[in-house]
Each structure stands twice: as C-alpha cells, then as structure tokens.
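>>> What would the 3D arrangement of this be:
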Amino acid sequence: MNTSIPTEDKQRILNDLSTANKVFQQKYPGDSSERQPVHTVYGGADLFRHDSAQKMADVALNTIRDNAANFVEFARAIKLTGYADLPTDDVVIEALKNELDGMSDGERKEHFAWLSYTTFNKVISKLEKEAVEDFRIDFEDGFGNRSWEEEDETAIRAATECAIGMEKNSLPPFIGIRIKPFTEDLKERGIRTLDLFLSTLAHKTHGKLPNNFVVMLPKVTIPEQIESLIAIFEIIEFQTDIKSGALKMEMMVETTQSVIDSDGSNPLRSFVLASKGRMISTAFGTYDYTASNNITAKYQDMGHSVCDFAHHFMKVALGGTGIWLSDGATNVMPIGPHRGKDLTDDQKAENRSVVHNSWKKAFDHTRYSLWKGLYQGWDLHPAQFPMRYAAIYSFFLESYEEAAKRLKAFVDKAARATLTDDVFDDAATGQGLLNFFLRGLNSGVITEDEARVTGLTMDELRSRSFLAIMEGRRNNKKL
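As a prediction, this is how the structure comes out:
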C-alpha cells in the first residue's frame, strides 16, 4: 500500500490530537454512573423529623388507597394508555384482577390490562418499600422569612433530627438542605443557617454526613455565589471533623440570568467550574423562572414554552459533564377540600375528583419532562408520589419491548446500521436505546434480567457507551 504522510509528521499530529482529545474528555466525561433519584421532595425545615420519610410514605399510601380503590380506577384517573378498554363494573374489575393475579409475567404482558395492572402494583410496592428517594430540608421557600432566633433554633433542631435519623437508619437514600440564596439581602442568613446546621451535625456525628448529602444553593446568578459557598465548605471542613472534600452542592436555575448572563453568554458551565468539582446537579425552579419572564400566576406552569427554552439550554450547556438535571414541580396539590372521617358520599366523591384531576395534571407534566430527557423532578407533597411513580413506570414499561428488540438487533449485528421493522437505526440511535435501559434500571422499572434480554452484559451496560461496547466486541472477535 502506498501512503504519503511521513511517520514523524503523522506521529506529531496524532500526539497533538491526543492531547486535545484528553482535555475534552476531562471536561465532558459523560453521564455519571451513580444512581440518580427520580424525585426530590422539598419540605419545610420546621417540619422535618428523623422519621419524616416514613410518615410521608404513610400519607402517600393512604392517598392512593382512599382515591383509587383498584388498578382500574387509578388508570382512569391518570388516563393511562388503554384505560378506555378497562371495565367499569366492580364485579368484573375484581374478576379481572383475580385473572391477572394468577398469570405468569409472560402471560400478563400479552393481556390488554397489563400496563394498568403492572403500573399500579409497582407504585404500591415502591410506596411500601421506598416512597421517598431524595429529600431537601428546606430553609428557603418552604420555610419562609422568619425571625433569626426561630431559624437558628430550627437549623439546630433539624441537624439533631438528621443525626438521629442516621443512627436509626430512617433517612431516605438521598438527603440535603436548601439554604437561602446568596443574594445581597439574604447572604448572611444563608451562611449562618448552613454553619449552624453543619456544625451541629458534625458535632453529633463526629464529622460523618448522611449518605448522598448535598447543599442546595437557590437563585444562583453569578459564579461568585458558588465560589463563596465552596469557600464556606472548605472552612467548615477544616474547623470540624467533616472530611475534606466531603461536602457537595447543587444549584437552582430559576432566573433568566442563570440562562443568559450580562455578556449574552450561557453561564452554567462557569457555575460548574466555580464549584471546584463539588457540584452534583442542577434543578430547575419553574415558578421563580416563569415569574422572572413576566408570566402571570395563572400561566406559570411546567409546560410553558419559556420552561422548554431553559431546559434545552441546561441540557446543551451541561450535556456530557456528568451533572444531573432535574425539572421542577407541579404546584397543584392532590388534596381534597373535605377533611375528617365522617364524610358523606358526595364529599368523598368530590375529594376523589380533585385528587384525580391533580394527579392527571402532574402525571402529564412528568411524562412531558421524561419526553424531554429530564428524569428527575420535584414533589411538594406525599400525595403526589403515586402520580410520580406511575408516570415513570408507565413511561418505561410502554416502550420496553420495542426498545429491547431494536437494541438486541443492533447488538447482534455488531453496530452496523440496521432496519428493525420499519425503523432505521444507526450508532447514535444505539446510544439512545442504551440510555433507555440505563435510565430504566436506575429508576427500578427494568430489572437486570430484563436488561440482559438485549444481549448485553451488565458490565457492558454499566460502561454507558454504545461505541465502547461495540469496540470491545470487535476487539474480542479479533482475539
């Protein structure tokens, strides 16, 4: 074979390119392989107790039991795919449930009621085992502006309860606090609360932090606010038994200046750099952001186009960096107007109608977020949990069979472009299909056995790179 490039010239070019590629890879290492929670629950710091997660689980379970007697009523409330074909007669519904209970998983998947039945039962199981994945002890919007004495006392009490929760193993798998923003008028209060909470916690736990503990800084507008938070982290770690580098942070995108700064640039990357590697995630603040866009209260909604704009900017600016992205919350609560035990049938019916309508609204919001590639969101009340998990589970369950078929066909043909039924797939689509299973595994909807149906091993799945998987298989064939 004839070539024209001298060996020395080629090696020089390859070395320069290698240096540039490695710098790029350091900046964009790809998605994190760690588990990302599917939701974050925000609750006022004054209400936080060491067993709050279990109490919220009880509320969530009671909500679904009081407002969805069976999987059919639940499917109708959120208008789950296929709900119109489900029976309405209670006797027929019970017979259908018994029929499905007696089927194997394989048989059940062929049944028209499979999605409704499976989603409902997965939601119940999740609420019983781990209703809360992530919780923020909130000293900002969920706490309000109170006297300094009251916030001081609350910070100390919340840290004490957090320490008790660590001892009793009653905290959710992810937890953190949201302090007040580092704006000019609130910066001192935010710093004081953080200092009191962490100093008290460190004293009671000898420097140990809860698993996956994070500090949320809201309303970030300039990198200096994050730099200040990191400086405070370093001081607190030095002054206490908290291990150096242990404190992590997340920030909220809830102002227009977080998306486009005074120079006309997107500042999100500069915010990440300002954190010195301590930033874990960014969350979107729906209502502050829409307000900053002069959207009136009636139209402040997760589905508003101004939110889409911000979401897309967040994804483009932070894609491949390993920073988790989270959407906001639906602020319409699924809570009926009538309280008490001795309610009339009409009052119970009105309560159910309110809950169902709220579930449906939040269900649609969550599915829309998932469609946009945002796999985490906020919940503001445990009555929202059934909707949250129903949206996530149904999203993955509906697409599992098709995705498994397409990915298996692609893997079997060693990453050559393939035509599966009437869909043409190339390597980029292969990564998209792989992402589906990674997210499904993360959310607990797809089991490892179901993921292996694709022909991939768990080690290959955990690599998170379709091209790396295919390259590895080609190298194995050469050997």
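
>>> which residues touch Gly328?
Going by C-beta atoms under 8 Å, 6 or more residues apart in numbering, Gly328 touches Ala283, Phe284, Gly285, Thr286, Tyr287, Tyr289, Met302, Cys307, Gly377, Trp378. Any C-beta I mention is one placed from the backbone N, CA and C, and that applies to glycine too.

>>> Give me the distance between the residue lying closest to it once chain neighbours are set aside and Leu374.
Leaving aside its chain neighbours, Gly328 sits nearest to Thr286 (3.2 Å; criterion: C-beta to C-beta, 6 or more residues apart in numbering). Using C-beta to C-beta, to the nearest Å, Thr286 is found at 12 Å from Leu374.

>>> residues bridging contact with these two, i.e. touching both?
Common contacts of Thr286 and Leu374 (C-beta under 8 Å, 6+ apart): Asp327.

>>> So which of the contacts of Gly328 is the closest to Val411?
Closest approach to Val411 among the contacts of Gly328 (C-beta to C-beta): Gly377, at 31.5 Å.

>>> Quick one: buried ones out of the contacts of Gly328?
Ala283, Phe284, Gly285, Thr286, Tyr287, Tyr289, Met302, Cys307, Gly377, Trp378 (16 or more other C-beta atoms under 10 Å).

>>> What about the residues you listed, which are in strands?
Ala283, Phe284, Gly377, Trp378 (DSSP state E).

>>> ok, the first one - contacts?
What that stands for is Ala283. Here Ala283 is in contact with Thr40, Met216, Glu250, Met251, Met252, Val253, Leu325, Ser326, Asp327, Gly328, Gln376, Trp378 (C-beta under 8 Å, 6+ apart).

>>> Now do the contacts for the residue nearest to the second one when sequence neighbours are not counted.
Just to be clear, that refers to Met216. Nearest residue to Met216 in three dimensions, chain neighbours excluded: Arg178, at 3.9 Å (C-beta to C-beta, 6+ apart). By C-beta under 8 Å, 6+ apart, Arg178 lies in contact with Tyr42, Arg136, Ile137, Asp138, Phe139, Glu140, Gly142, Val215, Met216, Pro218.

>>> By pLDDT, give me the weakest of these.
On pLDDT alone, Gly142 ranks lowest of the contacts of Arg178, at 90.

>>> Quickly note the distance from that residue to Thr429.
41 Å.

>>> Kindly report the same for Gly165.
The gap separating Gly165 from Thr429 is 44 Å, by C-beta to C-beta.

>>> Could you check stretch 201-217 and say which residues are buried?
Within stretch 201-217, the residues that count as buried by 16+ other C-beta under 10 Å are 201-202, 204-205, 208-210, 212-217.

>>> Now tell me what touches it from outside.
Against stretch 201-217 from outside (C-beta under 8 Å, 6+ apart): 134, 136, 159-160, 162-163, 165-166, 171, 173-179, 181-182, 190, 194, 225-226, 229, 233, 236, 240-243, 246-252, 280-281, 283.

>>> Low-confidence ranges, the stretch 351-479 of the chain, go.
414-426, 476-479 (pLDDT under 70).

>>> And the strands in the stretch 201-350 of the chain, which stretches?
213-217, 249-253, 279-284, 324-326 (DSSP state E, counting those that start in this stretch).

>>> Check the stretch 351-479 of the chain too.
377-379, 418-420, 423-425.

>>> I would like a ChimeraX command selecting only the buried ones among the contacts of stretch 201-217, please.
Selection of buried members from those for ChimeraX, criterion 16+ other C-beta under 10 Å:
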select :134,136,159,160,162,163,165,166,171,174,175,176,177,178,179,181,182,190,194,225,226,229,233,236,242,247,248,249,250,251,252,280,281,283
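
>>> quick one: low-confidence parts of the stretch 51-200 of the chain?
Those would be none, if you go by pLDDT under 70 across the stretch 51-200 of the chain.

>>> what number of residues lie near Ala297?
9 (other C-beta atoms under 10 Å).

>>> could you say which helix or strand contains the nearest residue to Arg146 once chain neighbours are set aside?
Nearest residue to Arg146 in three dimensions, chain neighbours excluded: Thr154, at 7.8 Å (C-beta to C-beta, 6+ apart). If you go by DSSP states H and E, Thr154 is part of helix 148-168.

>>> In terms of secondary structure, what does that helix contact?
Applying 3 or more C-beta pairs under 8 Å, 6 or more residues apart in numbering; DSSP states H and E, we find helix 148-168 packed against helix 187-205.

>>> In TSV: the ones in strands among the buried ones among the contacts of Gly328, plus distance to Thr119.
Output for those, formatted as TSV (distance: C-beta to C-beta, whole Å):
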residue	distance to Thr119
Ala283	26
Phe284	26
Gly377	18
Trp378	21
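
>>> Compute the number of surrounding residues for Lys276.
Using other C-beta under 10 Å, Lys276 is surrounded by 15 other residues.

>>> brain fart, Thr3
Thr3 has 7 neighbours, counted by other C-beta under 10 Å.

>>> do Arg12 as well
Around Arg12 there are 11 residues (other C-beta under 10 Å).

>>> what separates it from Lys405, distance-wise?
Distance of Arg12 to Lys405, given as C-beta to C-beta: 47 Å.

>>> and if you look at Lys372?
24 Å.

>>> Kindly report the same for Gln376.
28 Å.

>>> got the contact list for the residue nearest to Lys219 when sequence neighbours are not counted?
Distances taken as C-beta to C-beta, 6+ apart place Pro181 nearest to Lys219, at 3.9 Å, with adjacent residues excluded. Pro181 makes contact with Glu140, Lys187, Gly190, Leu217, Pro218, Lys219, Val220, Gln225 under the criterion C-beta under 8 Å, 6+ apart.

>>> The residue nearest to Arg146 reaches Arg49, doesn't it?
No - Thr154 lies out of contact with Arg49 (C-beta atoms under 8 Å); the separation is 12.0 Å.

>>> These two - which one has more neighbours?
Higher neighbour count among Thr154 and Arg49: Thr154, with 22 against 16, using other C-beta under 10 Å.

>>> wait, what's in contact with the more buried one?
Contacts for Thr154 (C-beta under 8 Å, 6+ apart) come out as Ala45, Asp46, Phe139, Phe143, Arg146.

>>> residues near the residue nearest to Ala68 when sequence neighbours are not counted, how many?
Ranked by C-beta to C-beta, 6+ apart and with sequence neighbours excluded, the top spatial neighbour of Ala68 is Phe74, at 3.8 Å. Residues near Phe74, counting by other C-beta under 10 Å, number 25.

>>> got it, and the one 5 residues further on?
Other residues within reach of Lys79 by the criterion other C-beta under 10 Å amount to 14.
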